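Here is the input, now give the coordinates:
(one chain, ligands or ions: 1)
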Amino acid sequence: MKKVRVGIVGLGRLGRQHAENLAFRIRHCELHAVCSVSDEEVEEAKREWGIPYGYTNYDEMLENKELDAIFIASPSGFHCEQIEKALEQGFHVFTEKPLGLYVDEVIRVKEAVEKHSSQVFMVGFMRRYDKSYVYAKQKIEEGAIGEPVLIRCYGFDPAKAMAGFMNFAKKNYSGGLFLDMGIHDLDLARWYLQSEADSVWAIGGAYDYPEIADLNDAETGAALVKFQNNTMGIFVAGRNCAHGYHIETEIIGTKGSLRIGTVPEKNMVTVFGEQGAIKECSEGFIERFEQAYLTEVEEFIQCILNQRQPKVTVDDGVQSTILGYACKESFETGQLIKVESHPAYVKAT
Ligand code: NAI
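Here you go, the predicted model:
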């Protein structure tokens, strides 16, 4: 079978993991080119993994017609422009979340994706490929909890990742707490509740790390969302979790509820000692979602080989960005935001 030749842009915290998966763990796939603004990262990938092509300029990578697909793991502020350019050059495209940081740019991407409908396009909402989240979806569809009425999400990064985050955030590429971290939960809510948002109120603060307030962002924040089908969402996100990486989701239905990741266990081991019984917690996104990152990329490659589109669509990217942006707007203004009549949304349609 033909191998799909992929070029990746971004070799940072997550890009490196994706690159290793593409190079060594995905069948019918070859990592053929790497691109980063860091010459060091490019040279290291070429040398250590034997990648034939390396670039420090994205546009130059797009001139390589040996490639079939472009994989975008650059900072979020670059996604839209890089997606549009890659589609225009005829490549299949995978982009990390969020699709973009502004409503008008994601609407432009949607138009580009629709114009290039024979090219595969996928957004990296990897939780939709995590076994536990998939299982929960299946249980809901089987009626195990009746009709879902409320989703409660916790998304916390470990406090010990703060230095790396500040580096990322200072460059102003993250979009803030809700578009950067909350976006996964906002997408999951749409998936599980089967509805778009109606209105949102978001609050937050910088409690232990006041320097985050200087970036006009929240270290810890919460959003309350009413969905169009009268269901509800409570989203809590933060960067300062003492015990590790805590991603927890609860879906409450008319006949029961289910929870995913209530204790973010590292593994099956419990250590019994003078401190009591200790379950260590997962330390970061790669450890927790290793399987999901692999499965989503397998799906991308299979979509290319079988000429079909993935279930996660550009609309999922667009709608979650609209909702994430509304959360950000609400946090910044202190106002309740009606999502449909949000000025950026109206401008874009
Ligand atoms: P990072 O800052 O660690 O790495 C960014 C990489 O992109 C670096 O290799 C940097 O040199 C390169 N880069 C920066 N500007 C560039 C440009 N103009 N052209 C080419 N390369 C450029 O960032 P991180 O944490 O790896 O995040 C990358 C993306 O992945 C972000 O959009 C983020 O939201 C997303 N992400 C998704 C996660 C998930 O769970 N799905 C988890 C972590 C990040």
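
where exactly do the helices run in this structure?
For the chain, the helices defined by DSSP state H occupy 15-20, 39-49, 58-62, 79-88, 103-115, 131-141, 162-170, 177, 183-193, 211-214, 285-305, 314-333, 343-348.

among the ones you listed, which is nearest His28?
Closest to His28 of the helices of the chain, according to Cβ to Cβ: helix 285-305, at 6.0 Å. Using the backbone N, CA and C atoms, a C-beta is placed for each residue, glycine as well.

one step back: could you provide the helices of the chain in a markdown table, with additional columns for mean pLDDT and mean neighbour count?
Formatted as a markdown table, the helices of the chain follow (pLDDT from 0 to 100; neighbours: other Cβ atoms under 10 Å):
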| stretch | mean pLDDT | mean neighbour count |
| --- | --- | --- |
| helix 15-20 | 98 | 21 |
| helix 39-49 | 97 | 15 |
| helix 58-62 | 98 | 18 |
| helix 79-88 | 98 | 21 |
| helix 103-115 | 96 | 18 |
| helix 131-141 | 98 | 15 |
| helix 162-170 | 81 | 15 |
| helix 177 | 96 | 30 |
| helix 183-193 | 98 | 26 |
| helix 211-214 | 92 | 15 |
| helix 285-305 | 98 | 19 |
| helix 314-333 | 96 | 24 |
| helix 343-348 | 58 | 14 |
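
which one of those lies closest to His32?
With respect to His32, and counting by Cβ to Cβ, the nearest of the helices of the chain is helix 58-62 at 9.9 Å.

close to the ligand, is that closest one?
Yes - on the criterion Cβ under 6 Å from any ligand atom, helix 58-62 is in touch with the ligand at Tyr58.

Next one: the residue sitting furthest away from the middle of the chain from Cys281, what distance?
Distance from the centre of the chain peaks at Glu274, with 39.5 Å (Cα atoms, centre = their mean). Per Cβ to Cβ, to the nearest Å, Glu274 is found 19 Å from Cys281.

do Ser330 as well
30 Å.

any chance you could map the strands in the stretch 151-300 of the chain?
Assigned by DSSP state E, counting those that start in this stretch, the strands in the stretch 151-300 of the chain fall at 197-205, 220-227, 232-241, 246-253, 257-260, 271-273, 276-278.

could those be laid out in a markdown table, adding mean pLDDT, mean neighbour count and distance to Ser74?
Shown next, in a markdown table, are the strands of the stretch 151-300 of the chain (pLDDT from 0 to 100; neighbours: other Cβ atoms under 10 Å; distance: least, Cβ to Cβ, whole Å):
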| stretch | mean pLDDT | mean neighbour count | distance to Ser74 |
| --- | --- | --- | --- |
| strand 197-205 | 98 | 21 | 26 |
| strand 220-227 | 98 | 22 | 25 |
| strand 232-241 | 97 | 22 | 21 |
| strand 246-253 | 98 | 20 | 23 |
| strand 257-260 | 98 | 16 | 29 |
| strand 271-273 | 97 | 8 | 40 |
| strand 276-278 | 96 | 9 | 38 |
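
Just put those in TSV and tack on distance to Pro75.
Compiled in TSV, these are given as follows (distance: least, Cβ to Cβ, whole Å):
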stretch	distance to Pro75
strand 197-205	22
strand 220-227	20
strand 232-241	16
strand 246-253	21
strand 257-260	28
strand 271-273	38
strand 276-278	36
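
closest one to the ligand among those?
strand 246-253 (9.4 Å; Cβ to the nearest ligand atom).

what residues does the stretch 201-349 of the chain put near the ligand?
Listed as neighbours of the ligand in the stretch 201-349 of the chain under the rule Cβ under 6 Å from any ligand atom: Phe285.

Which one of the residues in the stretch 201-349 of the chain is closest to the ligand?
Phe285 (4.6 Å).

pretty sure that residue is touching Tyr245, no?
Yes - look at Phe285 against Tyr245 with Cβ atoms under 8 Å: they come within range, at 6.3 Å.

where do the contact lists of the two overlap?
Counting by Cβ atoms under 8 Å, 6 or more residues apart in numbering, the common neighbours of Phe285 and Tyr245 are Asp157.

Give me the distance between Pro148 and Tyr133.
Note on Pro148: its distance to Tyr133, by Cβ to Cβ, is 14 Å.

ugh, wrong one, Val123
15 Å.
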